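Engineer: sequence plus the predicted model coming up.
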Amino acid sequence: MKPPAHRDFRWLLTGRTCGELGNAVAPVALAFAVLDLTGSAADLGIVIGARSVASVLFVLFGGMLADRLPRSVILQGTEVAAALTQATIALSVLYGFASIPLLIALSMTNGAVAAVSLPAASSLTPQTVPETVLAQANAYVRIGANLGRFTGAALGGVLVASLGTGWAIAANASLFLGAALSYRRIRRHLRTTATARPLAELAEGWREFTSRTWIWVVVAQYCLVNAVNVGAMQVLGPVVADEHFGRPAWGFILAAQTIGSLGGGVLASRWQPRRALLIGVALTLADAVPLALLAQAPLVFPLLAAAFANGVAIELFTVAWDVSLQENIPADRLARVYSYDILGSIIALPAGAAAAGPLAARFGTQATLLGGAALIAGATVAALLSREIRTLARKPEPVG
């Protein structure tokens, strides 16, 4: 049976899609809310970086919690909390009491909530389908998430341009509540072997994480890639958009990346190469192309094409990464390994977001974006030197 034939998986898919739809509107609207408030790229970097700081502080706790408690229950609580924080941001913008300190505080709250939810969301999929359709299930989840991101990114740009940032952010609250109701319908829960010793549990997860070279090498690669991308796409991208082609076009460029991710998810559900991780890591080179275009040719149509291709590449990597972890890590330790994965991937985000504005002021936006593209390419080539990444193969499907 295909993944949608399983009841729990259908509700998981619905919850992830609703949550991603809400999340996609928020960064677009929040970026322009900060720019409207102060006009400062540095302030925007600080607000985005504050969310990342909270995520770094709480993600290990989220992984430990997800190996102790029902993961769907954790997701219910985090989606409700996300709705409350987004509603407060919207009210502050709509009623004129928004300020940088307030947005920093709310962004940190939202980041903490997201950090707790991420390991649970990433490790819930194997509980909802048989192992034989795990790759397809991950692809379906990614397709649903990307449908939400595509719709949300385009809607975010249009709402900001037509109705203002406050109403764009307000739309998130109901979507997060819808996600919480979907997670509430999931019935199957993992029986855990968690002890009452949190530090021992974290140490056990760390041993699982460090014992496989291919895991920590990819996480180190994405530590740099993600830091560069958050500064380039979330801080400098809106600045370039305001200077060259406008806010609605920026929303559609982000949406084009999500359409590419949707196409990549469809491709991943049908094409499952034995060396999927090798292919996914190599395709990370596509992340450098939009940055180079923003620096050298900030034109809408080339950026749309580059964003689409980048989305396909991101999706092929993400599905390959999720399946590689889910096939090779014991189920009762998977959330903790995911938490170390997430921690490594986001730990440099605050620095990337906060540094983008000052670097652009010191060296120029063009040079900063080109330097970021070079760093992404270098990190990817270095990761491909790992023999384990080049040789890790998918497990064969059981016969009969």
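Structural biologist: All right, it came through fine.
Engineer: drop to CA atoms for contacts and neighbour counts, all remaining ones
Structural biologist: Fine.
Engineer: in which helix or strand does Gly166 reside?
Structural biologist: Assigned by DSSP states H and E, Gly166 belongs to helix 165-184.
Engineer: hey, C-alpha coordinates of the helix or strand that comes right after that helix in PDB?
Structural biologist: Note on helix 165-184: by DSSP H and E, the next helix or strand toward the C-terminus is helix 198-210. Extracted in PDB, the C-alpha atoms of helix 198-210 (Å, rounded to 0.1, in the frame of the first residue of the first chain):
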ATOM      1  CA  PRO A 198      18.700  13.100  30.800                       C
ATOM      2  CA  LEU A 199      22.400  13.500  30.600                       C
ATOM      3  CA  ALA A 200      22.900   9.700  30.000                       C
ATOM      4  CA  GLU A 201      20.300   9.900  27.200                       C
ATOM      5  CA  LEU A 202      22.000  12.800  25.600                       C
ATOM      6  CA  ALA A 203      25.300  11.000  25.800                       C
ATOM      7  CA  GLU A 204      23.800   7.900  24.100                       C
ATOM      8  CA  GLY A 205      22.400  10.100  21.300                       C
ATOM      9  CA  TRP A 206      25.900  11.700  20.900                       C
ATOM     10  CA  ARG A 207      27.500   8.300  20.600                       C
ATOM     11  CA  GLU A 208      25.100   7.300  17.800                       C
ATOM     12  CA  PHE A 209      25.700  10.600  16.100                       C
ATOM     13  CA  THR A 210      29.500  10.600  16.200                       C
END
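Engineer: so who does Leu94 touch?
Structural biologist: By CA atoms under 8 Å, 6 or more residues apart in numbering, Leu94 lies in contact with 166-167.
Engineer: typed the wrong thing, it's Ala179
Structural biologist: Residues near Ala179 by CA under 8 Å, 6+ apart: 14-19, 76, 79.
Engineer: which of the residues you listed lies closest to Leu57?
Structural biologist: Here the nearest of the contacts of Ala179 to Leu57, counting by CA to CA, is Glu79; it sits at 18.8 Å.
Engineer: is it true that the closest one touches Ser174?
Structural biologist: No. Here Glu79 lies out of contact with Ser174, judged by CA atoms under 8 Å, at a distance of 10.1 Å.
Engineer: more neighbours: which of the two?
Structural biologist: Using other CA atoms under 10 Å as the criterion, Glu79 and Ser174 rank with Glu79 on top: 25 against 18.
Engineer: got phi/psi on the more buried one?
Structural biologist: Torsion angles at Glu79 (phi, psi; degrees, to the nearest 10) stand at phi -70, psi -40.
Engineer: please shift the residue numbers so they start at 10 in all later answers.
Structural biologist: New numbering, starting at 10: the last item is Glu88.
Engineer: for it, what are its contacts?
Structural biologist: Glu88 is in contact with 28, 185-186, 188-189, counting by CA under 8 Å, 6+ apart.
Engineer: which residues does the residue nearest to Phe218 when sequence neighbours are not counted contact?
Structural biologist: Nearest in space to Phe218, with sequence neighbours left out and distances taken as CA to CA, 6 or more residues apart in numbering, is Val346 at 5.6 Å. Val346 makes contact with 72, 214-215, 217-218, 338 under the criterion CA under 8 Å, 6+ apart.
Engineer: Leu401: which of the residues you listed is nearest?
Structural biologist: Among the contacts of Val346, Ile338 lies closest to Leu401 (CA to CA), at 13.7 Å.
Engineer: ok, that closest one - contacts?
Structural biologist: Listed by CA under 8 Å, 6+ apart, the contact set of Ile338 reads 217, 346.
Engineer: what do you get for the one 10 residues further on?
Structural biologist: For Ser348, the set of contacting residues under the criterion of CA under 8 Å, 6+ apart consists of 68-69, 71-73, 127-128.
Engineer: and it, backbone torsions?
Structural biologist: Main-chain torsions, Ser348, degrees, to the nearest 10: phi -70, psi -40.
Engineer: swap in Gly373?
Structural biologist: phi 100, psi 150.
Engineer: below-threshold pLDDT in the stretch 260-409 of the chain: ranges please.
Structural biologist: Low-confidence segments of the stretch 260-409 of the chain (pLDDT under 70): 405-409.
Engineer: let's see 90
Structural biologist: Residue ranges of the stretch 260-409 of the chain with pLDDT under 90: 260-285, 304-309, 324, 327-329, 331-367, 369-370, 374-375, 401-409.
Engineer: ditto for the stretch 10-159 of the chain
Structural biologist: In the stretch 10-159 of the chain (pLDDT under 90), the answer is 10-88, 90-96, 98-110, 112-159.
Engineer: residue boundaries of the helices in it?
Structural biologist: Assigned by DSSP state H, counting those that start in this stretch, the helices in the stretch 10-159 of the chain fall at 16-47, 50-75, 80-103, 109-133, 143-171.
Engineer: okay, those helices in TSV with distance to Ile351 next?
Structural biologist: Below are the helices of the stretch 10-159 of the chain laid out as TSV (distance: least, CA to CA, whole Å):
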stretch	distance to Ile351
helix 16-47	17
helix 50-75	7
helix 80-103	16
helix 109-133	8
helix 143-171	17
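Engineer: which one of the ones you listed lies closest to Ala382?
Structural biologist: Across those, closest to Ala382 is helix 50-75 (CA to CA), at 18.6 Å.
Engineer: tell me the angle of that closest one relative to helix 80-103?
Structural biologist: Following axes from the mean of the first three to the mean of the last three CA atoms, to 10 degrees, one obtains 160 degrees for the angle between helix 50-75 and helix 80-103.
Engineer: and helix 50-75, how far from the chain's centre?
Structural biologist: 12 Å (CA atoms, centre = their mean, to the nearest Å).
Engineer: would you mark the buried spots in that helix?
Structural biologist: Of all the residues in helix 50-75, those buried under the rule 16 or more other CA atoms under 10 Å are 50-75.
Engineer: swap in stretch 374-387?
Structural biologist: Result for stretch 374-387 [16+ other CA under 10 Å]: buried residues 374-383, 385-386.
Engineer: and which of those is nearest Ala163?
Structural biologist: The nearest member of the buried residues of stretch 374-387 to Ala163, counting by CA to CA, is Leu378 at 23.7 Å.
Engineer: show me the contacts for that closest one.
Structural biologist: Applying CA under 8 Å, 6+ apart to Leu378 gives the contacts 241, 300-301, 303-304.
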